[in-house]
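S.K.: Sequence and predicted structure are below.
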Amino acid sequence: MIVVVVGVPGVGSTTVTNKAVEKLKEEGIEYEIVNFGTVMLEIAKERGLVEDRDQLRKLPPETQKEIQKLAGKKIAEMGKEKNIIVDTHSTIKTPKGYLPGLPIWVLEELKPDIIVLVEADNSEILMRRLKDESRNRDLESTEDIGEHIFMNRAAAMTYAVLTGATVKIIKNRDNLLDKAVEEMIQVLK
Amino acid sequence: MIVVVVGVPGVGSTTVTNKAVEKLKEEGIEYEIVNFGTVMLEIAKERGLVEDRDQLRKLPPETQKEIQKLAGKKIAEMGKEKNIIVDTHSTIKTPKGYLPGLPIWVLEELKPDIIVLVEADNSEILMRRLKDESRNRDLESTEDIGEHIFMNRAAAMTYAVLTGATVKIIKNRDNLLDKAVEEMIQVLK
Amino acid sequence: MIVVVVGVPGVGSTTVTNKAVEKLKEEGIEYEIVNFGTVMLEIAKERGLVEDRDQLRKLPPETQKEIQKLAGKKIAEMGKEKNIIVDTHSTIKTPKGYLPGLPIWVLEELKPDIIVLVEADNSEILMRRLKDESRNRDLESTEDIGEHIFMNRAAAMTYAVLTGATVKIIKNRDNLLDKAVEEMIQVLK
C-alpha cells in the first residue's frame, strides 16, 4: 500500500498522520512515513549534486525532474516490502503559481493507491497559522487559503484519474482531531 | 457518438437520459444506453471470473483494471455502429475515497465525445434521496454532497483534457425536469 | 519561457497581458504574444485547408486535432528563440459543453512553463460584459460565469500535472488593473 497524504500548510496533516500511524502500530499494522522532499534530497546528495534543500530547488528543471522520478521509483520499491505513507503536497504555492507535487512522471513511478487530502475551514487554517509562532509564514487571506484548497482538490483528482487511486478527504476540524485520526485509521486499515 | 452521462446518486441522471432518448427516438435519432458496470459484469461472466456484481468488486485490482479496459474497448466498438450513451459515474464514493469512474486506461479505449454532468443543488439532492424510499442509502450532509459534485467536475474536466471531449453541465432542478431533458436533447442531437 | 494566459471572456486577460508586456519592454525584457487560434488558422491556410476561422471550426475533428498539434509544435519552436505568451482559453464554452483549450496532444508539444489564470468576481465579469457594447455576447448569469471559472481552474490544474507547469491565479478586480498588471510582471520576470 502506498498512501499519499497532503494538505495546505497549517492544516495539521502531519499530526493526523503521526497519531493514526501510532495507534495502528498498537494494533500490529505498520506504516513507514516518508517525506517526498527528503527522499529527493537524499538521492541528490548521493549523486553529489547538492548539499542541502536550498540547492535542490536551484538545480536545472530537467535535473529536478530526474530526481523526482528517482524518488518516486525508490518509494515505489519500498512499497513492495511494507506499507508506506508519503508525506508531500498536492500543490506547492510558489511565486510563479501552484506547482503540482506529483506531476505525471512521478505518478507513473509512484503509482499510489490512495491520496488523502486533509482539509479544514479556511478560517480554521488561518487561525492555526497565526498561532504557530514557530514558523514565519507569509500570511494568506482566507480567500487565498480557499483557492489553495481548491487547486489541491483539482490536482488530487487528476492524480487519481492518471493512476486509479482514490481521493479521500478528511476534515481536521478544531477540537475534533480524534475524529480526523479515526478517519485516517479507517483509510489506512 | 459516444456520450458519457454521470451524476451523483439521486440527481436523476438516468431519468433525464431516458426521457431525452425517448423523445429523440420520435424524431428518428437513435441512442443505445449502456451501463458501464453492466458491460464489465458481462465480460467478467463470459470469462468465468464472477457470477455477480459483488464478486466483481472483490477481484484483484489488476483483473478489475483489465476488465474495465475491455469494457471501454467493447463500448468503443459499439460506438462505431450506433450512437451510444454510457451511464456511469464521474467518481464513485467509496470508504477509501472518490474512485474515478473513467481512469486513463478506460478513457484511452472509450474515447468519449461528450461528458454530461447532471447536477442539482446540494439540498435538492438531499431531499430527493430522503424521498427515495426504494433505496437504503447512507445519508450524506449537503456539504458532503457538494464535495462529491466538486470532485465529479474536477474528474470530468481531467477526462476532457485527456480525450478532447467536451464537458456539458446540465442542471436538473426541482420542477424543471423538462428543461433538463430539453438541454440533454440539444447535446445529443 | 512559454507562458499561457487564459481567462473567461470579459475578464480582461488581454488587457493585463498587453500592459505587462509593454512595461517589461521598457525594462528590456521582451515577450512575443501569440494567439493560439491565429497560429492554427495560419497553419490551416498554408495547407490550403481553409480560408477563414469559421471554416477551421468545420474541419473534421481529426484534422483539427492535427492542426492543433502543429500549432503547439510551432509555438514550442518559437519558444526556443524568445519568450512567448500564448493567448488562449483554459476551456471554451460551446453548445456541447466546455472544450479544453489545451488537450493532452497540444500540451505534449507546447510544454508550457506557466499557466496564468486571470480571474475576477462573477458579478464584475457580468458588468464588464454588459458594458462591452462592441461585442454581441450571449449573456450568462453570474452562476454560469462561476461555473466557467471553476472548469477553467480544474482544466488548468490538469494541464499542470501533465506538464509540470505552475498555475498562477491573478485577480483583475475593478479599479485594480495596476495591481493585476504588476502581478503579471512578477510572473513574467
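M.R.: Great, that's in hand.
S.K.: burial of the residue in chain A positioned nearest to chain C, as a residue count?
M.R.: Closest contact between chain A and chain C, by C-beta to the nearest C-beta, is at residue A:97 (3.1 Å). Using the backbone N, CA and C atoms, a C-beta is placed for each residue, glycine as well. Counted with other C-beta atoms under 10 Å in any protein chain shown, residues neighbouring residue A:97 total 23.
S.K.: Which residue, neighbours along the chain excluded, lies closest to the residue of chain A found nearest chain B?
M.R.: Per C-beta to the nearest C-beta, residue A:168 is where chain A lies closest to chain B, at 3.1 Å. Once flanking residues are discounted, residue A:168 sits nearest to residue B:97: 3.1 Å by C-beta to C-beta, 6 or more residues apart in numbering or on different chains.
S.K.: which parts of chain A sit against chain B?
M.R.: A:114-116, A:153-154, A:157-158, A:160-164, A:166-169, A:186-187 (C-beta under 8 Å from any C-beta of the partner chain).
S.K.: Could you tell me which of those count as buried?
M.R.: Buried residues within the residues of chain A next to chain B, defined by neighbour count using 16 or more other C-beta atoms under 10 Å in any protein chain shown: A:114-116, A:153-154, A:157-158, A:160-164, A:166-169, A:187.
S.K.: what is the residue of chain A closest to chain B paired to in the beta sheet?
M.R.: In this structure, residue A:168 has beta-bridge partners residue A:116, where bridges are defined by DSSP bridges.
S.K.: Let me know the pLDDT of the residue of chain A closest to chain C.
M.R.: Residue-level confidence at residue A:97 comes out at 97, pLDDT.
S.K.: Touching, it and residue C:167? I think so.
M.R.: Yes: applying C-beta atoms under 8 Å as the test, residue A:97 and residue C:167 come out as touching, 4.8 Å apart.
S.K.: For the residue nearest to residue A:168, list each beta-bridge partner.
M.R.: In this entry, residue B:97 is beta-bridged to residue B:94, by DSSP bridges.
S.K.: Is residue A:124 located within a helix, as I assumed?
M.R.: Yes: if the criterion is DSSP: H, G, I helix; E, B strand; the rest coil, then residue A:124 is within a helix.
S.K.: what about residue A:84, which SS state?
M.R.: Under three-state DSSP, residue A:84 falls in the strand class.
S.K.: Contact partners for residue A:130?
M.R.: The neighbourhood of residue A:130, defined by C-beta atoms under 8 Å, 6 or more residues apart in numbering or on different chains, consists of residue A:139.
S.K.: so how far is residue A:173 from it?
M.R.: 17 Å (C-beta to C-beta, to the nearest Å).
S.K.: cool, residue A:155 as well?
M.R.: From residue A:155 over to residue A:173 (counting by C-beta to C-beta), the distance is 23 Å.
S.K.: so is residue A:5 in a helix, a strand, or just coil?
M.R.: Per three-state DSSP, the secondary structure class of residue A:5 is strand.
S.K.: On the pLDDT front, check it for me.
M.R.: Per-residue confidence for residue A:5 comes out at a pLDDT of 98.
S.K.: which ones are touching it?
M.R.: Residues A:13, A:16, A:17, A:85, A:86, A:87, A:88, A:116, A:118 are the ones in contact with residue A:5 under the rule C-beta under 8 Å, 6+ apart.
S.K.: Just the ones of the residues of chain A next to chain B in helices?
M.R.: Among the residues of chain A next to chain B, the residues falling in helices (DSSP state H) are A:153, A:154, A:157, A:158, A:160, A:161, A:162, A:163, A:186, A:187.
S.K.: Next, residue A:41: phi, psi?
M.R.: phi -60, psi -40 (degrees, to the nearest 10).
S.K.: Residue A:50: what's it in contact with?
M.R.: In this structure, residue A:50 makes contact with A:41, A:44, A:56, A:59, judged by C-beta under 8 Å, 6+ apart.
S.K.: Double-check the last one against residue A:44; I have them as touching.
M.R.: Yes: look at residue A:59 against residue A:44 with C-beta under 8 Å: they come within range, at 7.2 Å.
S.K.: How many residues are close by residue A:78?
M.R.: Summarising burial for residue A:78: neighbours were counted as other C-beta under 10 Å, giving 16.
S.K.: Need the pLDDT of it.
M.R.: Per-residue confidence at residue A:78 stands at 97 (pLDDT).
S.K.: Wait, a strand at it?
M.R.: No: according to three-state DSSP, residue A:78 belongs to no strand; its state is helix.
S.K.: Not counting its neighbours along the chain, what's nearest it?
M.R.: Nearest residue to residue A:78, sequence neighbours excluded (C-beta to C-beta, 6+ apart): residue A:84, at 5.5 Å.
S.K.: which outside residues touch the host helix or strand of residue A:73?
M.R.: Counting by DSSP states H and E, the element that carries residue A:73 is helix A:61-79. Around helix A:61-79, the neighbours that count as contacts under C-beta under 8 Å, 6+ apart are A:1-2, A:32, A:34, A:36, A:39-40, A:43-44, A:49, A:56-57, A:59, A:84, A:86, A:103, A:105-111, C:164.
S.K.: Just to be sure, which of those are found in helices?
M.R.: Those of the contacts of helix A:61-79 mapping onto helices are A:36, A:39-40, A:43-44, A:56-57, A:105-110, per DSSP H.
S.K.: Wasn't residue A:8 part of a helix?
M.R.: No: the assignment for residue A:8 by three-state DSSP gives coil, which leaves it out of any helix.
S.K.: need the contact list for the nearest residue to it once chain neighbours are set aside.
M.R.: Closest residue to residue A:8 in three dimensions, ignoring its sequence neighbours and counting by C-beta to C-beta, 6+ apart: residue A:148, at 5.0 Å. Applying C-beta under 8 Å, 6+ apart, one finds that residue A:148 lies in contact with A:8, A:91, A:93, A:98, A:140.
S.K.: do residue A:111 as well
M.R.: Listed by C-beta under 8 Å, 6+ apart, the contact set of residue A:111 reads A:2, A:76, A:163.
S.K.: May I have the beta-bridge partners of the first one?
M.R.: Right, the one you point to is residue A:2. Counting by DSSP bridges, the residues bridging with residue A:2 are residue A:84.
S.K.: That one - how many residues pack around it?
M.R.: As a burial measure, residue A:2 scores 22 neighbours (other C-beta under 10 Å).
S.K.: For it, report the pLDDT, please.
M.R.: According to the per-residue confidence, residue A:2 scores 98 in pLDDT.
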